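K.L.:
sequence first, then the predicted structure:
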Amino acid sequence: MADLLRPGRRRGRVRGHVRGNVVTQRTYALQPVRSLAVRIGVWALVCIACMAAGAAAMHGYARPDVSAGPSCVAPAAHDELQDALARAQLALKQEAASRASVQKSAEALTVEVRRLQAQVLFLQGQSRSCR
């Protein structure tokens, strides 16, 4: 183990070359894995897929919201219920107004009755005193 740590000793020789230099002394050239036709075809398919996705996105963005249409239209039964509710509310308002009118006239009549009772008591007191 101590021999591995000492510099200067060349233990890793393989056929006259140091192990680290074997890879760097060879020449390499990149070669395409797929043919030119396959690469052009894949490129064309990717372009077509991108254009289709863009067209679908534009179509979805430009299309009006279909779900909003039917919810704005009220069904006939709903209109009938609204009319019945409006009639009932109008009847309640009329009844409240008539009750207020009757209450006001009852209060006015109560005041008139008290005034007349006071006059009757006064007149009765006057007629007794005269006798």
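P.N.:
Looks like it came in fine.

K.L.:
lowest confidence element among the helices and strands of the chain?
P.N.:
For the chain, the helix or strand with the lowest mean confidence is strand 13-14, at a mean of 50 (criterion: mean pLDDT, DSSP states H and E).

K.L.:
mean confidence (pLDDT) on the helix or strand hosting residue 39, please.
P.N.:
Take DSSP states H and E as the rule and residue 39 turns out to sit in helix 36-62. For helix 36-62, the mean per-residue pLDDT is 91.

K.L.:
that one: how far from the chain's middle?
P.N.:
Chain-centre distance of helix 36-62: 33 Å, with C-alpha atoms, centre = their mean, to the nearest Å.

K.L.:
same question, stretch 101-115
P.N.:
For stretch 101-115, the distance to the chain centre is 58 Å (C-alpha atoms, centre = their mean).

K.L.:
and it, C-alpha only, in CSV?
P.N.:
Taking C-alpha atoms only, stretch 101-115 is exported to CSV below (Å, rounded to 0.1, in the frame of the first residue of the first chain):
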residue,chain,number,x,y,z
SER,A,101,-104.2,52.8,8.1
VAL,A,102,-106.6,51.0,10.4
GLN,A,103,-104.2,51.4,13.3
LYS,A,104,-103.9,55.2,12.6
SER,A,105,-107.7,55.7,12.4
ALA,A,106,-108.1,53.6,15.6
GLU,A,107,-105.7,55.8,17.5
ALA,A,108,-107.5,58.9,16.2
LEU,A,109,-110.8,57.5,17.3
THR,A,110,-109.4,56.6,20.7
VAL,A,111,-108.3,60.2,21.2
GLU,A,112,-111.7,61.5,20.1
VAL,A,113,-113.5,59.1,22.5
ARG,A,114,-111.3,60.3,25.4
ARG,A,115,-112.0,63.9,24.5
